[in-house]
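J.: generate a structure from the sequence data that follows.
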Amino acid sequence: QVQLVESGGGLVQAAGSLRLSCAASKNMDWYALAWFRQTPGSEREWVAAISRSGVTDYVEFVKGRSTISRNANMLYLQLNNLKTEDTATYFCAARWQVLEDSLPNTSHYDIWGQGTQVTVSS
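T.: Model (predicted):
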């Protein structure tokens, strides 16, 4: 079973930047990967995804200030111009994917990390 471990969260001032990392226990070439986030009392929400071939997609509220990337067993999320509403626990997720350009439905990811906390202060 693949294991995912996030890192890179922390406390940052509004307008600052963070780079989140997710380390997988094996090469993830056959997996689509994604980032989600969750705040207490709220549903987990999808943030960004990247296909096996590097096709990316972002939720509207991070477009233009976020970049998802991948390399071998690593997944990254660069977050710029952070806002207080970006405060959340960020999770990486994976799903085995045959088609290299396709992204799974956001509800189909089935491998999850434990999360890393991002806190943005005003």
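J.: just the strands in the protein please.
T.: 4-7, 10-13, 18-24, 31-38, 45-50, 56-58, 66-71, 74-79, 88-96, 111-112, 116-121 (DSSP state E).
J.: quick one, what contacts the residue nearest the centre of the chain?
T.: The residue lying closest to the centre of the chain (Cα atoms, centre = their mean) is residue 35, at 2.0 Å. Counting by Cβ atoms under 8 Å, 6 or more residues apart in numbering, residue 35 touches 20, 22, 46-49, 68, 75, 77, 90-93. (Each C-beta comes from the backbone N, C-alpha and C, glycine too.)
J.: ok, and the most crowded of the residues you listed?
T.: Counting neighbours by other Cβ atoms under 10 Å, residue 92 comes out on top of these with 29 neighbours.
J.: that one contacts residue 31, doesn't it?
T.: No: the pair residue 92 / residue 31 is not scored as a contact, 10.7 Å apart, by Cβ atoms under 8 Å.
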